[in-house]
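A.B. asks: below are the sequence and a predicted model; questions follow.
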Number of protein chains: 2
Amino acid sequence: MQGTRTRTASVAVTDSLIEAALAILEEAGLPGLTVRDVASRAGVAPMGVYSRFGSKDGLLEALFMYGFASLQAAIETPPTASPLTRLRTGCQGYRRFAIHNPQLYHLMFEQMLLLDLSPEAKDLAQRSFGTLVERVHAAMTSSELAGTSSTEVAQQVWSAMHGAVSLEIAGVHFATDRAQSFTAMLDALLIGMAPR
Amino acid sequence: MQGTRTRTASVAVTDSLIEAALAILEEAGLPGLTVRDVASRAGVAPMGVYSRFGSKDGLLEALFMYGFASLQAAIETPPTASPLTRLRTGCQGYRRFAIHNPQLYHLMFEQMLLLDLSPEAKDLAQRSFGTLVERVHAAMTSSELAGTSSTEVAQQVWSAMHGAVSLEIAGVHFATDRAQSFTAMLDALLIGMAPR
DNA sequence: ATAGATAAAGAACAATGTTCTATAAAATAA
DNA sequence: TTATTTTATAGAACATTGTTCTTTATCTAT
């Protein structure tokens, strides 16, 4: 008697695993994201995760990279007359991404960022930050922002944004209109960074 | 023949468990914080955690509350001539707490805050926020800050602080002097919130 | 001092990340 | 096309961890 095992085609299994993981992540959160469930949802055995990603952390890193690619797209906006306006629009995109993908955002910024990431993952994350630095630099050039180090100012803007969406995702918000409160905080920060 | 089990005295075992958990947390991080290791370090069996805290999450909630009590102490400062200065000093204390207890801060804000907490834990956290609201309110009364809702402004200040220390703890910082960058961000935000 | 109540020790259980092994599918060669 | 080698997957097995169960040492009240 021969075995009854069947083997699924190897085509695009990697993508299926990532898709399954993303779906489970947003549905059940990080604790619900088990290797078995991801593999099952993708129609493969748990081993499939290990042959393709090396470990569960490897899969999570793939989600991390997917997330930063999405974030990059969310903050990328066409040029406008005012560089500061373009920066503001990008910040709104940042919040939109976070609010629309709360579990993924949590994974990216509150889990993976604390772990040892591969150089590729770090590069990708840094590229997103680079976009923000560019916007800040442009606003400095147009004299809409003061200061000398666009990197340092960008870090401060990013910090404020991250803190705001992070607490909002956690359900810690005492303002009635959270989008408006986010914008108000950002406006205050940018006003305080304007030339005087 | 009688068993060779010994039973440790019940006095102050709860505190021993919390102390052990805090030590392991900062030494090995959240993944290293296992019930067995905590119990072992406290000199009791794993069951001790369950009889006293109900579950591992119960123990983590005790750490959460310990953390917020410490944070409360860190942001609590004596009155000064300028309410805004007092607010600023409290914010520096906030950062100091976070940087000195990075793993605990991570547990508090990036893990527990996302879970279902007991009313006691929520109250304690809200009390810390209340202190910040008071400082903001005082600065509004002295016309050093503008705006009508001290709660909303306090939330924005907290957001910015949290984002800054959160990224700093994660190792994401592009400024040379991080304490200075934190202060610079805070200054910009408070300037942007000043009456005009 | 004795009896009952309490809670802790240690074993056992369930779930999860990971590894191992047999083998089905694919790739290659003749 | 057929035979052989390689690859990667299915399913079982293993280690660790959160949790529960059972036995029994310790505590408390009389």
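C.D. replies: Everything's here; your move.
A.B. asks: now do the same contact list for the residue of chain A found nearest chain B.
C.D. replies: For chain A, the nearest residue to chain B under the criterion Cβ to the nearest Cβ is residue A:163, separated by 2.5 Å. Bear in mind the C-beta positions are built from the backbone N, C-alpha and C, glycine included. Neighbour list for residue A:163: B:158-164, B:166 [criterion: Cβ atoms under 8 Å, 6 or more residues apart in numbering or on different chains].
A.B. asks: please flag which of those residues sit within helices.
C.D. replies: Here DSSP state H is the test, and the contacts of residue A:163 give B:158-164, B:166 as lying in helices.
A.B. asks: ok, the residues you listed vs residue B:44, which is closest?
C.D. replies: Looking at these and their distance to residue B:44, the nearest is residue B:166, at 33.9 Å (Cβ to Cβ).
A.B. asks: re the thing from before, any chance of the ones in helices among the contacts of residue A:163 in TSV, plus distance to residue A:106 and pLDDT?
C.D. replies: As requested, those are arranged in TSV below (distance: Cβ to Cβ, whole Å; pLDDT from 0 to 100):
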residue	distance to residue A:106	pLDDT
B:158	18	98
B:159	16	98
B:160	19	98
B:161	19	98
B:162	14	98
B:163	14	98
B:164	18	98
B:166	12	98
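A.B. asks: surely residue A:153 and residue A:193 touch.
C.D. replies: Yes - under the contact definition of Cβ atoms under 8 Å, residue A:153 touches residue A:193, with a separation of 6.2 Å.
A.B. asks: what sits in contact with each of these two?
C.D. replies: Listed contacts common to residue A:153 and residue A:193 are A:145, A:147; contacts here mean Cβ under 8 Å, 6+ apart.
A.B. asks: count of residues packed around residue A:142?
C.D. replies: The local packing of residue A:142 (other Cβ atoms under 10 Å in any protein chain shown) involves 12 other residues.
A.B. asks: mind listing what it touches?
C.D. replies: Under the criterion of Cβ under 8 Å, 6+ apart, the contact list for residue A:142 reads A:82-84.
A.B. asks: can you pull the pLDDT of it?
C.D. replies: As summarised for this prediction, residue A:142 has a pLDDT of 97.
A.B. asks: how much space separates it from residue A:135?
C.D. replies: When distance is defined by Cβ to Cβ, to the nearest Å, residue A:142 is 11 Å away from residue A:135.
A.B. asks: then residue A:117?
C.D. replies: Distance from residue A:117 to residue A:135, counting by Cβ to Cβ: 24 Å.
A.B. asks: which of those two has more neighbours?
C.D. replies: residue A:135 (24 against 18).
A.B. asks: and the residue lying closest to that one once chain neighbours are set aside, helix, strand or coil?
C.D. replies: The spatial neighbour of residue A:135 that comes closest, neighbours along the chain excluded (Cβ to Cβ, 6 or more residues apart in numbering or on different chains), is residue A:87 at 4.1 Å. What DSSP: H, G, I helix; E, B strand; the rest coil gives for residue A:87 is helix.
A.B. asks: for chain A, give me the ranges with low pLDDT.
C.D. replies: For chain A, residues meeting the criterion pLDDT under 70 lie at A:1-11.
A.B. asks: ok, residue A:77 - contacts?
C.D. replies: Shown here is residue A:77, whose contacts under the criterion Cβ under 8 Å, 6+ apart are A:86, A:89-90, A:93.
A.B. asks: got TSV for the residues you listed, with neighbour count too?
C.D. replies: What follows is the contacts of residue A:77, written out as TSV (neighbours: other Cβ atoms under 10 Å in any protein chain shown):
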residue	neighbour count
A:86	18
A:89	17
A:90	20
A:93	17
